[in-house]
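Undergrad: the following comprises the amino acid sequence and a computationally predicted model.
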Amino acid sequence: MPVKRYTDYLLKDKLPVFWCGGCGNGNVLGSILRAFAKLELEKRDIVVVTGIGCWGKADDYISTNTFHGTHGRALAFATGVKLANPRLKVVALMGDGDGATIGGNHLIHAARRNVDITAVVVNNFNYGMTGGQYSGTTPENAITSTSRCGHIEEGFDLCKLVEAAGAPFVARGTVYGITQLDKLVEQALNKKGFSFVEVIAPCPTHFGRLNRMKNAPSMLKWIKENSITIKQAQKLTDPEKQGKFVTGKFVDKEREDYSARYKSLQRLAQKSAEGGLGK
Amino acid sequence: MTEIGKFRFIQGNHAIAEGALAAGARFFAGYPITPSSEIAEISSRRLPEVGGVYIQMEDELGSIAAVIGASAAGKKSFTATSGPGFSLMQENLGVAVMAEIPCVIINVQRSGPSTGLATKPAQGDVMQSRWGTHGDHGIIVLSPSSVQDCFDLTVTAFNLAERYRTPVVLLTDEIIGHMRENASLGQPGPGELTERETPDCSPRDYKPFELNKGKIAPLAAYGSEYVFRVSGSAHDEWGFACSSPENADKFIRHYTEKIEKNREDIIMTRQYNLSDAEYTIITFGCSTRSALEAMHSARDRGKRAGVLELITLWPFASDRVKEACRNAKAVIVPEMNLGQVIREVQRAVKRDIPIVGVNKVDSRSITPMEILGKIEEVAKCL
């Protein structure tokens, strides 16, 4: 079989991407397609499920099976796809507003159930498509189009949230650290069970502009200067960790996935129906 | 467990779950809600026995989303809910319309609005089932009036969903859902089940949303040799996002026309004593049972009453309603709401005769005496 390239999964005739200059979405898309190629996945075996938002448009450029549903519900659609055909490699692409705010409930429950889906949440700290309003991950004091005096809420630490919900694979990368991101996405795709990768990403058009980072380089610089490894984070106090992006793999453990458990349940139910276990 | 083909004394909700299995449904996602929960409970037990999947989702938004996802992966899929849950499903019901994904949604109606009278019956979701999701679209809604109907119409709902690549709502109510009577749960023969038409063209040429002179495009399943795209956003015949006005116009008209142009195949009614009827009762669901009793009582008293039962609520059986009322002196429309079907009846009849409702929203069923009383009241004024 010929070696696969990331361009095998890219709809080149749909380029250029519609995202703004300096947006991180294209970089994350690259990581995902490179991981598909590295793992030599067949297009027919992949279903990419997207939500609604800037990152939710990613399926426009992907040549595998795709499902573009509603805002916040990508993981619920993906759950149906996966359970109906457990052979499929199901990938859910969501933004922070989509996957972690309106869709937060599906996120924690998909992680708890351990459905074998890879979720890649691009976190740019605001709703880009609708004009840069605050989301569930917008940091305290940040300026957005709906928090002009500074945000009074604290943002979610998504990795902690998903870890607490029981996901067997949880990691965070950034658009600045693409080599690391490539590895994390590939490992996530290879993981049996719910795997979660949060990607810290720049949105210079909205979040950057309102927070004194008017262009892509200044946003990348911000991400670079505030990114620390898990090891570095262990040496810091909580106040010192404020505003830092701790990157790396937080969880990578074995846990039987939902479809495997359901298969056991089906066997039990079938035996019971045949009278093997009584009523 | 099920004695196939034999009569069983069972509940309407039970018959729905068995009907779904008989139709070939192999995926259920739902969220518990009275008075529909028995459908979930029975499905949770029965589906794994036949190699199917039951999953209880975190809410109704997720439930219908999972149903749509599973259907796109090739499984006949369904969910069951009641008023509040049906409200929560409306957005994604639109995805099933726009992405043309077959699925069945059971709504065991209860009193509303809001939490309403949680365990009590109503027929208040007639218009919501037609227009609940935003935007123009066609939809198929069926209404059972017996436990046997619950079984048979669930099978029909799956058949229509597959034939027209559309969501189908089985709009029942607490009375029919919780009522027990004898029903035959015979496995439908191969000719009685509609299986999804899958593509046979070369994978390269497959257009999942092809508009071919009103013909319904075949639908592949994820994982097959046909790699394809599904979208709830405006899309072209390939499934690619497309926001051109011409494309939008073509597709949005298609969602309505594919249902409306097949009205004759979709619309089902039952006629009782209509040939000489002076008083035509138009009814559906649980109210049918009282309407039939009222019809007999009226005839005993010398008033020639007849009944038209709407099994298909949407698309609305306008022609049959008009025909049933051609010689009527008056039309009576009993419904457990404040007048939803009656508006459609008024639009269809187009005659200068009294068209009056018998409406109840206090959670108690409409009695035959109340319908009879209305016939006598109208008769006095004629």
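TA: Happy to help now that I have it.

Undergrad: please name the nearest non-neighbouring residue to the residue of the stretch 1-150 of chain A found nearest chain B.
TA: Nearest to chain B, among the residues of the stretch 1-150 of chain A, is A:Gly80, at 2.7 Å (Cβ to the nearest Cβ). The way it works is simple: take the backbone N, C-alpha and C, and place the C-beta from them, glycine included. Spatially, and ignoring its direct neighbours in sequence, A:Gly80 is nearest to B:Gly69 (2.7 Å; Cβ to Cβ, 6 or more residues apart in numbering or on different chains).

Undergrad: number of residues surrounding the residue of the stretch 1-150 of chain A closest to chain B?
TA: 33 (other Cβ atoms under 10 Å in any protein chain shown).

Undergrad: list the contacts for it?
TA: Applying Cβ atoms under 8 Å, 6 or more residues apart in numbering or on different chains to A:Gly80 gives the contacts B:27, B:29, B:65-73, B:77.

Undergrad: which of these are buried?
TA: B:27, B:29, B:65-73, B:77 (16 or more other Cβ atoms under 10 Å in any protein chain shown).

Undergrad: need those in TSV with secondary structure, can you?
TA: Shown next, in TSV, are the buried ones among the contacts of A:Gly80 (DSSP: H, G, I helix; E, B strand; the rest coil):
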residue	secondary structure
B:Phe27	strand
B:Ala29	strand
B:Ala65	helix
B:Ala66	helix
B:Val67	helix
B:Ile68	helix
B:Gly69	helix
B:Ala70	helix
B:Ser71	helix
B:Ala72	helix
B:Ala73	coil
B:Ser77	strand
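
Undergrad: which helix or which strand is home to the residue of the stretch 1-150 of chain A closest to chain B?
TA: helix A:74-84 (DSSP states H and E).

Undergrad: what's the longest helix in the chain?
TA: Just so you know, I chose chain A. helix A:258-273 (DSSP state H).

Undergrad: nope, chain B
TA: Max-length helix for chain B by DSSP H is helix B:147-164.

Undergrad: after that one, next one along is what?
TA: Downstream of helix B:147-164 (by DSSP H and E), the next one is strand B:167-173.

Undergrad: who does that following strand pair up with?
TA: Next to strand B:167-173 in the sheet, as set by DSSP bridges, lie strand B:103-109 (parallel), strand B:140-142 (parallel).

Undergrad: what's the most buried one of these?
TA: Neighbour counts (mean count of other Cβ atoms under 10 Å in any protein chain shown) averaged over each of those peak at strand B:103-109, with a mean of 30.

Undergrad: ramachandran angles for A:Ala119?
TA: When read as degrees, to the nearest 10, the backbone of A:Ala119 gives phi -110, psi 130.

Undergrad: would you map the helices across the chain?
TA: Picking chain A for this. Under DSSP H, chain A gives helices at A:25-38, A:74-84, A:96-97, A:104-113, A:158-164, A:178-190, A:209-210, A:216-226, A:230-234, A:238-241, A:258-273.

Undergrad: chain B was what I was after
TA: Going by DSSP H, chain B shows helices at B:12-23, B:37-49, B:60-72, B:83-98, B:126-131, B:147-164, B:174-178, B:245-260, B:263-266, B:287-300, B:318-324, B:341-349, B:368-381.

Undergrad: buried residues in the fifth one, which are they?
TA: So the one you mean is helix B:126-131. Neighbour counts over helix B:126-131 (16+ other Cβ under 10 Å) mark B:126, B:128-130 as buried.

Undergrad: for chain A, tell me which of the residues you listed show up nearby.
TA: Among the buried residues of helix B:126-131, no residue sits close to chain A (Cβ under 8 Å from any Cβ of the partner chain).

Undergrad: can you put those in a markdown table and add pLDDT?
TA: What follows is these, written out as a markdown table (pLDDT from 0 to 100):
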| residue | pLDDT |
| --- | --- |
| B:Val126 | 98 |
| B:Gln128 | 98 |
| B:Ser129 | 98 |
| B:Arg130 | 98 |
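
Undergrad: and which of the residues you listed is nearest to chain A?
TA: Distances from chain A to the buried residues of helix B:126-131, taken by Cβ to the nearest Cβ, are shortest for B:Gln128, at 18.5 Å.

Undergrad: tell me if stretch A:21-33 is near chain B.
TA: No - for stretch A:21-33, no contact with chain B is found by Cβ under 8 Å from any Cβ; the gap never falls below 14.9 Å.

Undergrad: residue of the stretch 151-279 of chain A with the smallest distance to chain B?
TA: A:Ala269 (3.7 Å).

Undergrad: wait, that residue sits on B:Gly52?
TA: No - the pair A:Ala269 / B:Gly52 is not scored as a contact, 9.7 Å apart, by Cβ atoms under 8 Å.

Undergrad: mind listing what residue 142 touches?
TA: Reading this off chain A. Counted by Cβ under 8 Å, 6+ apart, A:Ala142 has contacts A:125, A:134, A:150-151, A:207, A:210-211.

Undergrad: could you do chain B instead?
TA: Contacts of B:Leu142 by Cβ under 8 Å, 6+ apart are B:153, B:156-157, B:160, B:168-171, B:268, B:311-313.

Undergrad: for the residue nearest the centre of chain A, list each beta-bridge partner.
TA: Nearest residue to the geometric centre of chain A (Cα atoms, centre = their mean): A:Val120, 1.6 Å. Following DSSP bridges, A:Val120 is listed with bridge partners A:Leu93, A:Val197.

Undergrad: which non-adjacent residue is nearest A:Glu154?
TA: Per Cβ to Cβ, 6+ apart, closest to A:Glu154 is A:Glu140, 4.9 Å.

Undergrad: wait, I meant B:Asp265
TA: B:Arg163 (7.9 Å).

Undergrad: thinking again about what came up before, measure the residue of the stretch 1-150 of chain A closest to chain B to A:Val17 for me?
TA: 28 Å (Cβ to Cβ, to the nearest Å).

Undergrad: got it, and A:Ile200?
TA: Counting by Cβ to Cβ - A:Ile200 and A:Val17 are separated by 19 Å.

Undergrad: give me the more crowded residue out of these two.
TA: For A:Ile200 versus A:Val17, neighbours defined as other Cβ under 10 Å are more numerous around A:Ile200 (25 against 14).
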